[in-house]
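Student: Sharing a model that was predicted from the sequence below.
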Amino acid sequence: MVHLLIAMAVFIWVFAMALLGLELHKRLPKHHFSDESTSSIKLATGLIATIAALVLGLLISSAKNSFDTVNADLVRNAVNIIRLDRTLEQYGPETQGLREQLKQSYATWVDMLGSGDPKKLAQLENPELVGKIESFQRELAQLTPKTAMQQQLQARCISLADDVFTARWLALLQRRGSIPVPLLFVLVAWLSIIFGAFGLFAPHNGTVIFFFLMCAFSAAGAIFVILEMDTPLNGFINISVAPLREALAHLRP
């Protein structure tokens with residue numbers, strides 16, 4: 001919802017700058033629109049538009065990379081949780097308690113992650129949940145293998161558990177986003193200048209205003225998509241937890 005409000009604010013602001021340019025076109029003296037003045041302003045605006053396009057492309061690419069990274073981490077996590085459960089099962093019946101604890105903890109984590117609620121997502125870092133993870137790892141390390149096979153299985157379980165819980169922390173650290181807010185402010189400022197220049201040299205008619213409206217909507221939509229993909233665990237554009245739920249269904253009782 002916050003991202004939608006930001007996009008709406010950007011839309012209103014840049015469209016208002018275009019309307020301001022149209023109004024200035026009517027009020028400024030004619031000599032401000034000489035061929036030399038027009039060429040200079042268009043060249044300067046073209047430079048700003050090029051820079052803004054490059055930055056916008058970089059931001060979209062960065063946000064998409066963040067989205068894909070978190071998605072890949074969660075899919076890998078789903079695979080590793082199944083591997084961990086199977087390896088614990090191979091170890092022997094003495095790991096039954098650990099397997100039940102793993103399944104219960106994982107089900108809670110998936111439910112919170114799939115809720116999309118910022119309050120529930122914040123609970124993923126609470127000390128109680130973190131304590132359960134640490135307790136699981138301690139109990140796993142305290143197993144006493146009786147055979148060489150069990151010793152190998154224990155080492156594999158410890159490695160898989162580290163991978164599972166590392167992926168969880170990576171996903172949580174990505175949920176706040178990585179795009180600097182000041183950079184977005186600068187981008188919006190550049191868009192304001194561009195739209196103002198558009199209005200300054202455009203005729204005042206309904207067709208022009210309509211296309212200014214569409215352009216402002218497109219610019220705001222790009223900002224919205226960037227913000228949404230940069231925070232892939234909540235919002236309208238978020239990562240599906242279907243692989244995690246499928247992995248949970250494959251955990252044996």
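Tutor: Received it, and whenever you're ready, just let me know what you need. Numbers count the residues shown, from 1 in each chain.

Student: average pLDDT for stretch 151-164?
Tutor: For stretch 151-164, mean pLDDT rounds to 89.

Student: Now do that stretch: distance to the chain's middle.
Tutor: In terms of CA atoms, centre = their mean, to the nearest Å, the centre of stretch 151-164 is found 30 Å from the chain centre.

Student: would you put the C-alpha positions of that stretch in CSV?
Tutor: This file holds the C-alpha atoms of stretch 151-164, laid out as CSV (Å, rounded to 0.1, in the frame of the first residue of the first chain):
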residue,chain,number,x,y,z
GLN,A,151,28.7,-39.9,11.4
GLN,A,152,28.6,-39.0,7.7
LEU,A,153,24.8,-38.4,7.8
GLN,A,154,25.2,-36.1,10.9
ALA,A,155,27.8,-34.0,9.0
ARG,A,156,25.6,-33.8,6.0
CYS,A,157,22.6,-32.8,8.2
ILE,A,158,24.6,-30.0,9.8
SER,A,159,25.7,-28.7,6.4
LEU,A,160,22.1,-28.8,5.1
ALA,A,161,20.7,-27.1,8.2
ASP,A,162,23.3,-24.3,7.8
ASP,A,163,22.2,-23.9,4.2
VAL,A,164,18.5,-23.9,5.1
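
Student: Identify the residues contacting that stretch?
Tutor: Residues outside stretch 151-164 that contact it (CB atoms under 8 Å, 6 or more residues apart in numbering) are 76-77, 80-81, 83-84, 87-88, 90-91, 136-137, 140-141, 143, 145. Bear in mind the C-beta positions are built from the backbone N, C-alpha and C, glycine included.

Student: which residues of the stretch 151-253 of the chain fall in strands?
Tutor: For the stretch 151-253 of the chain, no strands are identified by DSSP state E, counting those that start in this stretch.

Student: correct me, but A216 touches F195?
Tutor: Yes. If you go by CB atoms under 8 Å, A216 and F195 touch, sitting 6.8 Å apart.

Student: Mind listing the shared neighbours of those two?
Tutor: V14, F15, A18.

Student: which residues of the chain score low on pLDDT?
Tutor: 116-118, 120-127, 171, 173-177 (pLDDT under 70).

Student: Next secondary structure element downstream of the lengthiest helix in it?
Tutor: In the chain, with assignment by DSSP state H, the single longest helix is helix 35-91. Using DSSP states H and E, the next helix or strand after helix 35-91 towards the C-terminus is helix 96-115.

Student: Would you mind listing the buried residues in that next one?
Tutor: L98, R99, Q101, L102, K103, S105, Y106, W109, V110, M112, L113, G114 (16 or more other CB atoms under 10 Å).

Student: What of stretch 31-44?
Tutor: Under 16+ other CB under 10 Å, stretch 31-44 has no buried positions.

Student: Skipping adjacent residues, who's closest to L187 in space?
Tutor: V55 (5.6 Å; CB to CB, 6 or more residues apart in numbering).

Student: residue contacts, the one you found?
Tutor: L183, V186, L187, W190.

Student: Out of the residues you listed, who's the most crowded?
Tutor: L187 (20 neighbours; other CB atoms under 10 Å).

Student: So that one is in contact with L59, correct?
Tutor: Yes. Using CB under 8 Å as the test, L187 is close enough to L59 to be in contact (7.3 Å).

Student: Neighbours of L74, how many?
Tutor: 23.

Student: Next: the one 10 residues further on.
Tutor: Here the neighbour count serves as a burial measure; for L84 (other CB under 10 Å) it reads 24.

Student: so it sits right up against L102, yeah?
Tutor: Yes. Look at L84 against L102 with CB under 8 Å: they come within range, at 6.9 Å.

Student: Can you redo the shared contacts of A216 and F195 as JSON lines, where the extra columns are secondary structure, neighbour count and distance to L43?
Tutor: Formatted as JSON lines, the shared contacts of A216 and F195 follow (DSSP: H, G, I helix; E, B strand; the rest coil; neighbours: other CB atoms under 10 Å; distance: CB to CB, whole Å):
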{"residue": "V14", "secondary structure": "helix", "neighbour count": "24", "distance to L43": "21"}
{"residue": "F15", "secondary structure": "helix", "neighbour count": "21", "distance to L43": "24"}
{"residue": "A18", "secondary structure": "helix", "neighbour count": "25", "distance to L43": "20"}
